[in-house]
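Asks: coordinates for the following, if possible.
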Amino acid sequence: CGMGRPNRQAERRRGIMDAAIALIERHDLATLKLADVAAELGLTTNAVRYYFKDMTQLLSELALRSDVRFFEDRLRAAEGTEARAYLEGRGLGAAAWARHRLGYAPDEWRKTIDHLKAESFGMQEIVDAGLAVVKEGGGDPYDRFRGRVIFPITDMRGQVIAFGGRGLQPDAKPKYLNSSDTELFHKGRVLYRYKDAREAFGNTDEGGLIVTEGYMDAIAMAEAGIGHAVAPLGTALTEDQLALLWRAGPEPVLCFDGDAAGLRAAYRSIERALAHLEPGRSLFFCLLSGGMDPDDLIRQSGPEAMKQALAHAVPLVEVLWRRERDAEPLDTPERQAGLEARLMQAAGQIKHGAVRSAYERELKSRKNDYLWQLRRKARGTGQGGGDASKGAHQTSAPAKTRGLGLLVRAVDSPHLIDVGFETLSMAVFLDEDVAPLRDVIISWPDAGAGVDRSAIANHLTELGHVRAAELLNSYPATSTIAPDGAEEREWLIALEQYVA
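Replies: Now for the predicted structure:
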């Protein structure tokens, strides 16, 4: 029964809005008061305020509704020839115009204003709706949108609250223009196509919405059968927009051009998101190659190419790692220390304790592995000989399980994982059954607490490392190593023999 309530409420609101439109058509808007609307609709003024917030919002919604129809008509009229050619050149025909309610704002200074005045709207209502611009030094207001393809922007109810316009002339400045902020519209709190995308997302098994950089990209994806695509309104993602994305799904995918500008946009999104990461709240990134955007890729290679690119999206931690790794050369100890400092500074922004710890472990592991690879390359040695094999072969233990005892001691005395994390990450275990045990230990979510042989052995088995699990379970019980003692130092010294 409760499931139907939002639909009944939406239907009631639509009915009241339609009645209000009919009412306003019979009255002079300049003199119509909120109490008049309430009386004629059979509502209390509080009920009208509940539905419309105030009279300004009511009149703005009505003006925007009227303008949507006006812009749609202009697109199909003789004056919309250039706009139609532009849309058709982007692969969008009349059916797509209707689906997305696309329109055209005539390239004249007051045509929209004149239309709305003919519909009985006063100048103040037109300005309040964000459809006209008032000159700072005085003078007559003029149309905000002129000579532009129009994209209606809706709220979570699907009601039009603003417009975006794409200039058709090469020298149009700016190329994309949004409505100014109004009672109804704040561009940092809205995503283009959000309502439609959420509805489409409900019919998928994806992890979240797809975020593109612009209106045309979101529309191109929808037309290609990827209906859960949205776009911010010409700015970097805000915290409010991230909240909208996570409200829909836990792992939205941010799709950017793979060029320098696209990377900068991805990095800004990471900075905005880091503090808010938690279980069930992350981001993935799809960075397209060749400087293409989704619209380009779909038109050039088809929808399947876009779907393949999305299937290879990478997690936030990967893009963060690449950003810091590539920030400067890592050819001196100081620069290598700088890498670690940057990684830990980024991870430190995460408020959720467990997620922050997981990022610190993951980023340290990536750093240690990468620096080890650099040293190995610089020395010109392979894993099987030379300096790289020095630590691994200078013991008398059998080669088959060399290093197993050290790792088992870490499992039985879990604080050793934290104490020796960096050394464990850099250590080289040649045995194919010992190495997976090390990998699981350093990536274990609860390293330092709650580690036990049974849980780790079960995880190894799930990963297909059955022999490694058997070695761990069959190894004799070891005595607990006390923190900060001589035995702990001896364990660390022994472990260092495995670092190349």
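
Asks: burial count for His186?
Replies: 14 (other Cβ atoms under 10 Å). For the C-beta atoms, the positions are set from N, CA and C on the backbone; glycine is no exception.

Asks: what sits against Ala248?
Replies: 197-198, 201, 208-209, 228 (Cβ atoms under 8 Å, 6 or more residues apart in numbering).

Asks: let's see that with 10 Å instead.
Replies: Counting by Cβ atoms under 10 Å, 6 or more residues apart in numbering, Ala248 makes contact with 191, 194, 197-198, 201-202, 208-209, 228, 230.

Asks: which of the residues you listed lies closest to Glu328?
Replies: Gly208 (32.8 Å; Cβ to Cβ).

Asks: mind naming the longest helix for this protein?
Replies: Ranked by residue count, the top helix of the chain under DSSP state H comes out as helix 353-379.

Asks: avg pLDDT for that helix?
Replies: Mean pLDDT, computed over helix 353-379, is 83.

Asks: closest to Glu487 among the contacts of Ala248?
Replies: The closest of these, once distances to Glu487 are taken by Cβ to Cβ, is Gly208, at 47.8 Å.

Asks: A helix includes that closest one, no?
Replies: No. Gly208: not assigned to a helix; according to DSSP: H, G, I helix; E, B strand; the rest coil it is coil.

Asks: quick check, pLDDT for it.
Replies: Confidence score, pLDDT, at Gly208: 94.

Asks: next helix or strand past the helix or strand hosting Asp240?
Replies: Assessed by DSSP states H and E, Asp240 sits inside helix 239-248. Toward the C-terminal end, the helix or strand that comes next after helix 239-248 (DSSP H and E) is strand 253-257.

Asks: follow the chain on from the one helix or strand in the chain whose mean pLDDT sits lowest and name the next helix or strand.
Replies: None of the helices or strands of the chain scores lower by mean pLDDT, DSSP states H and E than helix 390-393, at a mean of 30. With elements assigned by DSSP H and E, the helix or strand that comes after helix 390-393 is helix 404-412.

Asks: please enumerate the strands of the protein.
Replies: 103-105, 132-133, 142-143, 148-154, 160-167, 176-178, 210-211, 229-230, 253-257, 284-288, 314-315 (DSSP state E).

Asks: any idea how far the fourth one is from the chain center?
Replies: Pointing back at strand 148-154 there. 23 Å (Cα atoms, centre = their mean, to the nearest Å).

Asks: picking up where we left off before, which elements pack onto the longest helix of the chain?
Replies: helix 316-325, helix 333-347, helix 415-419, helix 421-426, helix 435-443 (3 or more Cβ pairs under 10 Å, 6 or more residues apart in numbering; DSSP states H and E).

Asks: in that helix, what's buried?
Replies: 355-368, 371-372, 376 (16 or more other Cβ atoms under 10 Å).

Asks: ok, now stretch 235-251?
Replies: 237-238, 241-242, 244-246, 248-249, 251.

Asks: ok, now stretch 120-138?
Replies: If you call a residue buried by 16+ other Cβ under 10 Å, then stretch 120-138 has these buried ones: 120-121, 125-132.

Asks: what's the closest of those residues to His465?
Replies: Gly130 (60.7 Å).

Asks: give me the pLDDT value at the residue lying closest to the closest one once chain neighbours are set aside.
Replies: Among residues not flanking Gly130 along the chain, Ser179 sits closest, at 3.8 Å (Cβ to Cβ, 6 or more residues apart in numbering). Note for Ser179: predicted pLDDT of 93.

Asks: thought Ser179 was touching Lys187?
Replies: Yes. Counting by Cβ atoms under 10 Å, Ser179 touches Lys187, with 7.9 Å between them.

Asks: between the two, which contacts overlap?
Replies: Listed as contacting both Ser179 and Lys187 by Cβ under 10 Å, 6+ apart are 153, 162, 164, 233.

Asks: and for the nearest residue to the third one once chain neighbours are set aside, the neighbour number?
Replies: The shortest distance from Gly164 to any non-neighbouring residue, by Cβ to Cβ, 6+ apart, is to Phe151 (4.3 Å). The local packing of Phe151 (other Cβ under 10 Å) involves 26 other residues.

Asks: ok, Phe151 - contacts?
Replies: 71, 100-103, 162-166, 176, 178, 192-193, 214-216, 218-219, 231, 233.

Asks: again with Glu328
Replies: 335, 338-339, 342.

Asks: the same query, at a cut-off of 6 Å, please.
Replies: Arg335 (Cβ atoms under 6 Å, 6 or more residues apart in numbering).

Asks: do you know the pLDDT at it?
Replies: Glu328 is given a pLDDT of 91.

Asks: would you check how far apart it and Gly338 are?
Replies: 7 Å (Cβ to Cβ, to the nearest Å).

Asks: now do Gln124
Replies: 57 Å.

Asks: just Tyr104 next, same as before
Replies: Counting by Cβ to Cβ - Tyr104 and Gly338 are separated by 53 Å.

Asks: same drill for those two, tell me which one is more crowded.
Replies: Tyr104 (29 against 15).

Asks: go ahead and confirm the more buried one touches Ala83.
Replies: Yes. Here Tyr104 reaches Ala83: they are 4.0 Å apart, a contact under Cβ atoms under 6 Å.

Asks: so what sits against both of these two?
Replies: Contacts common to Tyr104 and Ala83, judged by Cβ under 6 Å, 6+ apart, are Leu75.

Asks: circling back: ok, which of the strands of the chain comes nearest Gly42?
Replies: That would be, of the strands of the chain and by Cβ to Cβ, strand 160-167, which comes in at 26.0 Å.

Asks: how far off strand 148-154 does the closest one point, in degrees?
Replies: 160 degrees (axes from the mean of the first three to the mean of the last three Cα atoms, to 10 degrees).

Asks: report all helices and strands that strand 160-167 contacts.
Replies: Helices and strands touching strand 160-167, as assessed by 3 or more Cβ pairs under 6 Å, 6 or more residues apart in numbering; DSSP states H and E, comprise strand 148-154, strand 176-178.

Asks: format the CA atom coordinates belonging to it as PDB.
Replies: Output of strand 160-167 as PDB, limited to C-alpha atoms (Å, rounded to 0.1, in the frame of the first residue of the first chain):
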ATOM      1  CA  VAL A 160      11.200  21.500 -16.100                       C
ATOM      2  CA  ILE A 161      13.100  23.900 -13.800                       C
ATOM      3  CA  ALA A 162      15.600  25.400 -16.200                       C
ATOM      4  CA  PHE A 163      17.200  25.200 -19.700                       C
ATOM      5  CA  GLY A 164      20.600  24.700 -21.200                       C
ATOM      6  CA  GLY A 165      21.400  26.200 -24.600                       C
ATOM      7  CA  ARG A 166      24.100  25.200 -27.200                       C
ATOM      8  CA  GLY A 167      25.200  28.100 -29.400                       C
END
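
Asks: buried set for that strand?
Replies: Buried positions in strand 160-167, judged by neighbour count with 16+ other Cβ under 10 Å: 160-167.
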